[in-house]
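Enquirer: give me the fold of what follows.
(chains A and B)
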Protein chains: 2
Amino acid sequence: MWIELTITRMKGFSRLTTIKDALNTFYETVHLERMPAETLRIISCLGRVLADDLTCPRDVPPFDRSAMDGYAVRAEDLYAASDTNPVVLALTETPSSIDSPPKETLNRGEAMKIATGAPIPVGASAVIMVEYTEETGPGKVEIHRPVTPGENVSARGEDVKAGQPILTAGSFLQPQDIGIMAALGLSEVSIVCRPRVAVLSNGNELVDVGIETVPGKIVDSNRPTILSLVKASGGEPVDLGITSDDRDLIAQKISRSLDSVDMVLVSGGTSVGEKDLLPGIVNSLGKPGVIVHGVAMRPGRPVALCALGLKPILLLPGFPVAAMMAYDVFAEPIMLKLMGARSRAHVRPTLRAAALRRVPSITGTRSFVRVLVMKKDGRTVFEPLRATGSGIISSMVRANGMLVIPENKEGVEEGEEAMITLLRPLEEDMMQ
Amino acid sequence: MWIELTITRMKGFSRLTTIKDALNTFYETVHLERMPAETLRIISCLGRVLADDLTCPRDVPPFDRSAMDGYAVRAEDLYAASDTNPVVLALTETPSSIDSPPKETLNRGEAMKIATGAPIPVGASAVIMVEYTEETGPGKVEIHRPVTPGENVSARGEDVKAGQPILTAGSFLQPQDIGIMAALGLSEVSIVCRPRVAVLSNGNELVDVGIETVPGKIVDSNRPTILSLVKASGGEPVDLGITSDDRDLIAQKISRSLDSVDMVLVSGGTSVGEKDLLPGIVNSLGKPGVIVHGVAMRPGRPVALCALGLKPILLLPGFPVAAMMAYDVFAEPIMLKLMGARSRAHVRPTLRAAALRRVPSITGTRSFVRVLVMKKDGRTVFEPLRATGSGIISSMVRANGMLVIPENKEGVEEGEEAMITLLRPLEEDMMQ
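Expert: Residues are numbered from 1 along each chain as shown, chains lettered A, B, ... in the order given. Just a heads-up that it's a prediction; the model follows:
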């Protein structure tokens, strides 16, 4: 379970937990409860997480209806119909339209004009498309093709039968889901509340964007990034601002926020060093405190998973790329668990590509390598970005893909194929 | 260019345009202008479209800084350092920390304690990680490894150099993009305004969700779906409600909305039949009116691409799946063009899978088939959903993938591999 680092003198993290063990240990220690649900009008539900399984309250469509504009007929009347031998049927007095359902029964030798979506009259077994017909005189229609029974008819319950499961609890709702809920007559549904996630940046050197920086000061880019990530994951970000390395101030900010938020993300101040205040502060605020500190991942090693009561507190590394990776590996999965979600909010595209050059990695550590995926001589290839220090936020912008090298693998060889997760579209996909 | 249908009697659409020709004809007729830009605080820019190319205003990082906690050293002092032969260096009086940059120059035989992110002192060429060192006495540090020049140093401009292009106009901004903009000191950027897209449903039979339906009435599921699609595509949906098949009322709703919206989507009333009012109404309202009516796609055939002045008016089919497909093929690409976007808002995952049974299609028509993708005996396979009429909205919810069969292909054979676009996650992806 523990990977002992065999470095002669390891004054840093003496033991690093694997990502999998870190998450398991966290979940075993903190028995997260799913967020409560709220009732929302369906039009407000796009991108939200469904709280309960949804079954169909009634048949859809509620009656047999026509799938085409044409004539409702008895299929057996037309079995011999063709261009050379058209069959002539008698038109019923009134047509079947959507807003005035048919009252007449269709008898042998009759045809009833019918609109798309209109109810099929009693006696009819199929609809012949208007394209294969001709009204040759008053009350008469000539049919040029046979139909099979059921043809161009949407049968009652064909779309969904009453009692049938439709959507599973934990689904992020998509436009078509909103549509089916409307079709089922559901004007409101039960939705998991968004977890409120507080985001705090820590560091004497940090200033807010828009403030002129002076030597020794740098702009806090982690907070805007992480606030945006929380939003993209389906949470409600709460901005706690920047704190200097002041123990009391940080402790106060975290403990006060706990009254109104469900989770706290702090970046910076988590390395093992003189200024690594955060783990100590969290431990001083309550139980269980720090659960895992130091994970066998690169970048992102100094991450700490903590909790105060049932509220997760994650200490993310200060370096931007490391913070993003730690968010991706720990913060988002924990948020999804809080939401009871069955997947991430957006399916991530992956593709297989061949390495243009060797990508080294350390055995026992999961490596996240920013890569550039491209087409070359008809093949899909990738190369790791050269500058990939964890402070190099531009690598996340220049890269269009992420290569994950698992713990049990030592690098990817030149020419070897690997799965790449796409961060940006490869090329224009405007026209299918 | 035109596909002549060879049906004996075609009272419906006499000619069907291919999807590609339909879009080209539309763009040649309507010279769309990109939406104007607005200036927004970067924290509000997630998922929005960048209006102008962004280049870096200054070097990032702005100075050489340490990538690790450790000691700034001259690499040449340590070339022989090892566990058995550690090199002892003299500690400088003050360390280099992020908020107090070093004032001293580092001389031969000296080491300066340095924090991650702190400026590298003049004279130093590398940083040795704290793990490979030991402070053996006051003012002394023992080093157990050599370093190469530049090791653990993030050089000035290594992340981004002043003047370097960073983000391209037309990109949908992601969390990491917000981060780099902050790192560059940009508190506001120029963002393309969201196109306002009016959504109208047409049909005597339609009632709003929440209203008790009576025989002959059905719930309007298209409007909630299309309003959600517009939002997901990056537009601002404007709900115009339901109209009955009343020429004057429809004309009034469309022409009034044009003062305040950039595009109009109407569903229903577009087939060639008695109640197909919409094309006539649009033509009566101005030029160019109907540009293309009837497209060689299935479902979605009755779609019409129109415009009044420079404002696109799309007439989508009334049947839900057909409406969604026509939205996907025409409405979203046109909206993306209005936004000057280089891709869709979300990259769509695709995968290769083998057909479990034959999927028929009509040559000359592009077919959109809802499929269920699954793993079976280690292979990725798919099968088309049985009920796939264009009125079958549940097929869009039950399906997890979409198979597109191009115009020049007649179906997909059993066992044949095809590319499937995923509509939902295949399995849980909570832990990477």
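Enquirer: ranges for the helices of the stretch 1-150 of chain A?
Expert: Counting by DSSP state H, counting those that start in this stretch, the stretch 1-150 of chain A has helices at residues A:19-29.
Enquirer: tell me which residue of it lies closest to chain B.
Expert: Closest contact between the stretch 1-150 of chain A and chain B, by Cβ to the nearest Cβ, is at residue A:98 (3.6 Å). Any C-beta I mention is one placed from the backbone N, CA and C, and that applies to glycine too.
Enquirer: and that residue, backbone torsions?
Expert: Main-chain torsions, residue A:98, degrees, to the nearest 10: phi -60, psi -40.
Enquirer: quick one, what contacts it?
Expert: Counting by Cβ atoms under 8 Å, 6 or more residues apart in numbering or on different chains, residue A:98 makes contact with A:115, A:117, A:118, B:203, B:204, B:205, B:216, B:218.
Enquirer: quick one: low-confidence parts of the stretch 201-350 of chain A?
Expert: Across the stretch 201-350 of chain A, the ranges flagged by pLDDT under 70 are A:270-276.
Enquirer: at 80 what do you get?
Expert: Residue ranges of the stretch 201-350 of chain A with pLDDT under 80: A:212-216, A:269-276, A:347-348.
Enquirer: quick one: pLDDT of the residue of the stretch 1-150 of chain A closest to chain B?
Expert: pLDDT recorded at residue A:98 is 74.
Enquirer: list the buried residues for stretch A:288-305?
Expert: Buried positions in stretch A:288-305, judged by neighbour count with 16 or more other Cβ atoms under 10 Å in any protein chain shown: A:289-305.
Enquirer: cool, and stretch A:48-55?
Expert: Under the neighbour-count criterion of 16+ other Cβ under 10 Å, stretch A:48-55 has A:48, A:49, A:50, A:51, A:54 buried.
Enquirer: biggest strand in chain A by residues?
Expert: Secondary structure assigned by DSSP state E gives strand A:366-376 as the longest strand of chain A.
Enquirer: list the helices and strands that one packs on?
Expert: When contacts are defined as 3 or more Cβ pairs under 8 Å, 6 or more residues apart in numbering or on different chains; DSSP states H and E, strand A:366-376 packs onto strand A:297-298, strand A:379-384, helix A:394-398, strand A:401-405, strand A:417-422.
Enquirer: quick check: closest non-adjacent residue to the residue of the stretch 1-150 of chain A closest to chain B.
Expert: Computed as Cβ to Cβ, 6 or more residues apart in numbering or on different chains, the closest residue to residue A:98 that is not its neighbour in sequence is residue B:205, at 3.6 Å.
Enquirer: now for residue A:232: which residues touch it?
Expert: Applying Cβ under 8 Å, 6+ apart, the residues near residue A:232 are A:345, A:346, B:46, B:47, B:174, B:175.
Enquirer: can you tell me the element it falls in?
Expert: According to DSSP states H and E, residue A:232 maps onto helix A:222-233.
Enquirer: C-terminal to that helix, what's the next element?
Expert: strand A:236-243.
Enquirer: partners of that following strand in the sheet?
Expert: strand A:196-202 (parallel) (DSSP bridges).
Enquirer: and the spatially most central residue of chain A, what element?
Expert: For chain A, the residue sitting closest to the mean C-alpha position, by Cα atoms, centre = their mean, is residue A:345 at 1.9 Å. Take DSSP H and E as the rule and residue A:345 turns out to sit in neither a helix nor a strand.
Enquirer: still on that earlier bit, the buried residues of stretch A:288-305 also near chain B: which ones?
Expert: Among the buried residues of stretch A:288-305, no residue sits close to chain B (Cβ under 8 Å from any Cβ of the partner chain).
Enquirer: from those residues, which land in strands?
Expert: Per DSSP E, the buried residues of stretch A:288-305 map to strands at A:289, A:290, A:291, A:292, A:293, A:297, A:298, A:304, A:305.
Enquirer: so which pair among those residues is furthest apart in space?
Expert: Using Cβ to Cβ, the two most remote members of those are A:289 and A:298, lying 25.4 Å apart.
Enquirer: which regions of the stretch 51-200 of chain A lie under the pLDDT threshold?
Expert: A:60, A:98-101, A:159.
Enquirer: which residues touch residue A:199?
Expert: A:223, A:226, A:227, A:230, A:237, A:238, A:239, A:240, A:265, A:267.
Enquirer: tabulate the residues you listed (TSV), appending neighbour count.
Expert: Shown next, in TSV, are the contacts of residue A:199 (neighbours: other Cβ atoms under 10 Å in any protein chain shown):
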residue	neighbour count
A:223	28
A:226	30
A:227	24
A:230	26
A:237	23
A:238	19
A:239	14
A:240	22
A:265	32
A:267	31
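Enquirer: could those residues be laid out in CSV, adding distance to residue B:255?
Expert: As requested, the contacts of residue A:199 are arranged in CSV below (distance: Cβ to Cβ, whole Å):
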residue, distance to residue B:255
A:223, 47
A:226, 46
A:227, 42
A:230, 43
A:237, 41
A:238, 45
A:239, 44
A:240, 50
A:265, 50
A:267, 53
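Enquirer: for those, which one is nearest residue B:406?
Expert: residue A:230 (40.5 Å).
Enquirer: correct me, but that closest one touches residue A:224?
Expert: No: assessed by Cβ atoms under 8 Å, residue A:230 is found out of contact with residue A:224, at 11.1 Å.
Enquirer: what about stretch A:160-172, how long is it end to end?
Expert: Here the two ends of stretch A:160-172 are set 21 Å apart, with distance taken as Cα to Cα, to the nearest Å.
Enquirer: now do the buried residues in that stretch.
Expert: Buried, per 16+ other Cβ under 10 Å, within stretch A:160-172: A:160, A:166, A:167, A:169, A:170, A:171, A:172.
Enquirer: ditto for stretch A:245-265
Expert: A:245, A:250, A:251, A:253, A:254, A:257, A:258, A:261, A:262, A:263, A:264, A:265.
Enquirer: nearest residue to residue A:380 other than its sequence neighbours?
Expert: With Cβ to Cβ, 6+ apart, the residue lying closest to residue A:380 is residue A:353, at 4.4 Å.
Enquirer: neighbours of residue A:395, how many?
Expert: Residue A:395: 25 surrounding residues under other Cβ atoms under 10 Å in any protein chain shown.
Enquirer: can you check the one 3 residues further on too?
Expert: Using other Cβ under 10 Å, residue A:398 has 22 neighbouring residues.
Enquirer: I'd say it and residue A:385 touch.
Expert: Yes: Residue A:398 is within contact range of residue A:385, at 6.1 Å (criterion: Cβ under 8 Å).
Enquirer: give me the common contacts of the two.
Expert: Contacts common to residue A:398 and residue A:385, judged by Cβ under 8 Å, 6+ apart, are A:370, A:372.
Enquirer: picking up where we left off before, isn't the residue nearest to residue A:380 right up against residue A:384?
Expert: No: assessed by Cβ under 8 Å, residue A:353 is found out of contact with residue A:384, at 11.7 Å.
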